[in-house]
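>>> give me the fold of what follows.
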Amino acid sequence: MATTKKEIKYINRDFSDFKTRLIEFAKTYFPNTYNDFSEASPGMMFIEQSAYVGDVLSFYIDNQFQENFIQYAQQSNNLYELAYMFGYKPKLSSAAQTTIDFYQQLPSKLVGSEYVPDYDYALTISENSTITSDNGTSFIIQDKIDFSLTSSQDPTEISIYQVAGNTVQYYLLKKSRNAISSTIVSQTYTFTDPLPFQTINLNTTNFLKILDITDSDGNLWYEVDHLGQEMAFDSIKNTNINDPNKMDNTPYLLKLKKVARRFATRIIAKDNIQIQFGVGSPDSTTEEITPNSNNVGIGLPFKQDKLTTAYSPTNFLYTGTYGISPSNTTLTVRYLTGGGVTSNIAANTLTKISPESIKFNLFSLVDNTANYIFSSVSVNNPLAASGGNSGDTLEEIRQNTLALVASQKRSVTADDYLIRALSMPSDYGTVSKSYIEQPKLTDNQVSTIETLNLYVLSLNSEGKLDYANTTLKNNLRTYMSQYRMIGDNIEIRDAYIINIGINFEIIVLPEYNNNEVLLACITALQTYFNLDNWQLNQPIFLRDLYILLDKIKGVQTVKNISIANKVGTSTGYSQYAYDIEGATQNQTIYPSLDPSIFEIRYPNSDIKGKVVPL
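Alright, predicted model coming up:
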C-alpha cells in the first residue's frame, strides 16, 4: 500500500490553533475513520487533550528560549548567569555611607617656652574597627587612624580643650573617616587534595563583598573578575625603603602583580554566594614561564596550528593559567554583610566604639594620664548615613548589564578618563582636579588623535592645591593602564595654579552694622571660591560676583570688585604670574590657554573688603 505523505504545519502556537489543525488533519487524512467532531464526542476529548499538551509544550519552549536573552529573561537565576556572562556583578545589598569623626584628648608638655601636644599619648584605632549606634546598627572604617600623623589625605584638627590659668592642659585631636554599614563575618574551610575549580559557598543574606581570604600559611588570595585574569592590583607601603622619593601625600605605591592564588565570586541566589578557585596544583604551576619563541604555544597539538591560533594576552602559553587550587590548607574567608534601607540612620547616632580596637602607640603607658586619655576617645557621625538599599532589582540587573556591555569598563570618552583619574583610591594619592584634551598643534605638526594630555593637580598637607609628585603620577599611570583603550596614549602633566586675591568696596544701608555686612560678604566669597566648586579652565565671571554681593542683606550697592594676582613661592603662592588685566574681556577673567585653575590660597587674608560712603 502506498504511503501518503502528510502535510504537517509548525506555525501553531496556542490551544485553539492546535485544536483547529488537529481537526483539519483528521478530516484530510482519516475522512472515513472518524467524522464526529461535536464537542461531546470521545474523539474531540483526545484532540483537545493533544492540543492542550501542545500548547503547554509550546509555552515552555518559548519561555526557555526567552530566558536565553538578557533583554527578556525574568527568572532571577538566569539573570544572574547572563549578567556574569557579560561581566556584570549584581549587588545583593548596598551599604549606607557616612563620615565619622574620632576624637581624643592629648596632654600638653612644655617645649622651650611653649606648650605643645604630647604625642607620646597619641592613640591608634585599628582598621576595620566597628562603630555602633544605640539601636545596634554597625558601621566599619577601612583605614587605620593614627592620631600622631597628619597629611593632606589624613589631616588632624587640633584645638585647645582645657585651660588652667594661662596654661593649656589638654588639646583635642580630631580625625574623620568614611564608614559603611556592614559587619565582618569570618568562616574557615579546609582543603585536602588539589581538585580543579574547587568551589565553596557562603550561605548568608545581605552580602556586600569579600574582605579578604588568607590560608593557614599566611598567603593572601586575590579576587579577580574571572580566573583567566592573572594581573591584580597590589599596594606597597610607601616608605623610604620602597621609594627614596617618598612624599607624605602618597601613602601607598600601586603595582600590578601577577598572582597565582586567586578566586572569583558569583551569586547563585540571594542567600548563596559561590567562590571558585583555579585548576592548577601549587607544585606544578607554570605561570612564571617567560614567553619566548620556543615556548609560546605550549600545549597545542600540532605546530601548524600556531599559524591560525588566536592567542589570548592572558593565556598565550596555552598552559594552566587559571590559578592554583588550594590544597592541604585551611582558608579563612572574611566578608562583609549589612546595608539595606534600615542602615540609613540619622546624624549623631553612631557613638559607640569597642575599646579592643584602641591602643597607644607607646605600649609602656600605664599611668593615670594614660587611663584618662584612653577614656577620652569619642566618636560621632555629624551627617546622616545615606545610600543603603536592598540591592539590584531584576530590572536594574538587566539595565546595568546592558550598560556594561557597551563600555566593557573601558575609558572611551574624555569624561571617562576624568572620572577614572578622580576615582583612584586616596591611598595611592589624591587627584584633586583633572582635565583632559588633545595636544595643541603648531602649523608644522601632524594631528595625533590617539594622544591625550591628562592634566592633574593634587593637594598639600594644608588642603591647598599642589603639583602631583612623581609617585602619584606613577600610581595614576598604573591604575589607568587597565582601563584605557589600546589606541589611546595618555600623557600625565601638571596643570597651572593661578593664585588670586579679591578686593571689593560696598556701600552699606544706614540701618545695618558695617562689620556684620562686611563679614557676610567675605563669607559669601569664600564659599563661592571654595575649591570644591572650581574646575580646571573655569573662568571668573565678575558679573556673578557683583550679583552675589548685591544679594547680601544690608548691601546697598557694590561699588567695585577687583581681582589681583598673587605670586611668589616665598610667600606660599604659586610660582607662576598671570596677567589678570590682559585676560579680562567683557567682565570675564579667562584662564590661560594651558590648563589652569584660579585659587584663593588664603581665604582669610586674600579676600579684603571695604565699606565706602555713598
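
>>> my guess is residue 159 contacts residue 117, does it?
No - between residue 159 and residue 117 there is no contact under C-beta atoms under 8 Å: 10.5 Å. Where you see a C-beta, it was placed from the backbone N, CA and C, and this is true even at glycine.

>>> who touches both of these two?
Listed contacts common to residue 159 and residue 117 are residue 171; contacts here mean C-beta atoms under 8 Å, 6 or more residues apart in numbering.

>>> tell me the domain ranges of the protein?
Annotated domains of the chain cover 15-66, 97-182+339-380, 410-440+447-494, 496-611 [automatic domain parsing].

>>> wait, which of those domains is closest to residue 211?
domain 97-182+339-380 (7.6 Å; C-beta to C-beta).

>>> gap between the two ends of the closest one?
14 Å (C-alpha to C-alpha, to the nearest Å).

>>> same question for stretch 560-574.
Using C-alpha to C-alpha, first and last residues of stretch 560-574 are 26 Å apart.

>>> mind checking the SS state of residue 544?
Using DSSP: H, G, I helix; E, B strand; the rest coil, the structure places residue 544 in helix.

>>> give the full set of residues in contact with it.
residue 528.

>>> need phi/psi at residue 206.
According to degrees, to the nearest 10, the main-chain angles of residue 206 amount to phi 50, psi 40.

>>> go ahead and confirm it touches residue 340.
Yes - here residue 206 reaches residue 340: they are 5.9 Å apart, a contact under C-beta under 8 Å.

>>> any idea which residue sits dead centre in this structure?
residue 423 (6.1 Å; C-alpha atoms, centre = their mean).

>>> separation between that one and residue 5?
68 Å (C-beta to C-beta, to the nearest Å).

>>> follow-up on the earlier one: which neighbours do residue 206 and residue 340 have in common?
Common neighbours of residue 206 and residue 340, counting by C-beta under 8 Å, 6+ apart, are residue 93.

>>> compute the distance between the residue nearest to the centre of the chain and residue 599, please.
Separation of residue 423 from residue 599 (C-beta to C-beta) stands at 23 Å.

>>> can you pull out the helices in this protein?
Secondary structure of the chain (DSSP state H): helices located at 15-29, 42-66, 76-85, 368-375, 394-407, 414-422, 470-480, 514-528, 542-550, 603-606.

>>> buried ones in the last one?
Just to be clear, that refers to helix 603-606. 603, 606 (16 or more other C-beta atoms under 10 Å).

>>> residue 159 and residue 117: who's more crowded?
Using other C-beta atoms under 10 Å as the criterion, residue 159 and residue 117 rank with residue 117 on top: 23 against 9.

>>> the more buried one and residue 380, how far apart?
21 Å.

>>> and residue 568, by the same measure?
Distance from residue 568 to residue 380, by C-beta to C-beta: 41 Å.

>>> so the two - more neighbours on which side?
Neighbours were counted for residue 568 and for residue 380 using other C-beta under 10 Å; residue 380 has more, 15 against 11.

>>> which pLDDT value goes with the more buried one?
Note for residue 380: predicted pLDDT of 94.

>>> hmm, residue 162 is touching residue 107, no?
No - Residue 162 is beyond contact range of residue 107, at 9.6 Å (criterion: C-beta under 8 Å).

>>> what about the two, which has more around it?
Remark: of residue 162 and residue 107, residue 107 carries more neighbours, 18 against 13, as counted by other C-beta under 10 Å.

>>> tell me the contacts of that one?
For residue 107, the contact set (C-beta under 8 Å, 6+ apart) comprises 117-118, 121, 169-171, 369, 373.

>>> can you tell me which of these are buried?
So, of those, 117-118, 121, 170-171, 369, 373 end up buried under the neighbour-count rule (16+ other C-beta under 10 Å).

>>> need those residues in CSV with pLDDT and distance to residue 253, can you?
What follows is the buried ones among the contacts of residue 107, written out as CSV (pLDDT from 0 to 100; distance: C-beta to C-beta, whole Å):
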residue, pLDDT, distance to residue 253
117, 90, 30
118, 89, 33
121, 89, 31
170, 93, 38
171, 93, 33
369, 87, 38
373, 90, 34
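
>>> count the residues that sit near the residue nearest to residue 361 when sequence neighbours are not counted.
Residue nearest to residue 361 in three dimensions, not counting chain neighbours: residue 122, with 5.3 Å by C-beta to C-beta, 6 or more residues apart in numbering. For residue 122, the neighbour count with other C-beta under 10 Å is 19.

>>> what does stretch 368-381 rub up against?
By C-beta under 8 Å, 6+ apart, the list of residues contacting stretch 368-381 reads 98-107, 121, 123, 125, 131, 139, 179, 345, 347-353, 355, 358, 360.

>>> of these, just the buried ones, ChimeraX syntax please.
Selection of buried members from these for ChimeraX, criterion 16+ other C-beta under 10 Å:
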select :98,100,101,102,103,104,105,106,107,121,123,125,131,139,179,345,349,350,353,358,360
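
>>> restricted to strands, list the contacts of stretch 368-381.
98-107, 123, 125, 131, 139, 179, 350-353, 358, 360 (DSSP state E).

>>> for residue 353, list each beta-bridge partner.
Judged by DSSP bridges, the bridge partners of residue 353 are residue 131.

>>> wait, it sits on residue 130?
Yes - between residue 353 and residue 130 a contact is recorded at 7.5 Å, counting by C-beta under 8 Å.

>>> for the closest residue to residue 328 other than its chain neighbours, grab the count of nearby residues.
In space, and not counting its chain neighbours, residue 328 is closest to residue 192: 6.3 Å by C-beta to C-beta, 6+ apart. If you count neighbours by other C-beta under 10 Å, residue 192 ends up with 9.

>>> from residue 263, how far off is residue 192?
From residue 192 to residue 263 the distance is 18 Å (C-beta to C-beta).

>>> one more: residue 535?
40 Å.

>>> more neighbours, these two?
Taking other C-beta under 10 Å, residue 535 and residue 263 do not tie; residue 263 has more neighbours (22 against 13).

>>> how near is the closest residue to residue 386 other than its chain neighbours to residue 582?
Computed as C-beta to C-beta, 6+ apart, the closest residue to residue 386 that is not its neighbour in sequence is residue 344, at 5.5 Å. Computed as C-beta to C-beta, the residue 344 to residue 582 distance reads 52 Å.

>>> ok, these two, which is more surrounded?
The neighbour count for residue 344 versus residue 582, taken as other C-beta under 10 Å, is higher for residue 344 (18 against 9).

>>> circling back to that earlier point, closest to residue 186 out of the helices of the chain?
Closest to residue 186 of the helices of the chain is helix 76-85 (C-beta to C-beta; 25.3 Å).

>>> what are the buried residues along that closest one?
78-84.

>>> could you do stretch 556-573 as well?
558, 561, 563, 565-566, 573.

>>> ok, residues contacting it?
Contacts for stretch 556-573 (C-beta under 8 Å, 6+ apart): 498-509, 540, 542, 545-546, 549-550, 574-580, 584, 589, 601-602, 606, 612, 614.

>>> re earlier: state the distance from the residue nearest to residue 361 to residue 179.
Here residue 122 is placed at a distance of 21 Å from residue 179 (C-beta to C-beta).

>>> repeat for residue 276
31 Å.

>>> over to residue 206?
Remark: distance between residue 206 and residue 179 (C-beta to C-beta) = 17 Å.

>>> report the contact partners of residue 589.
Applying C-beta under 8 Å, 6+ apart, the residues near residue 589 are 539-540, 542, 563, 580, 583, 598.
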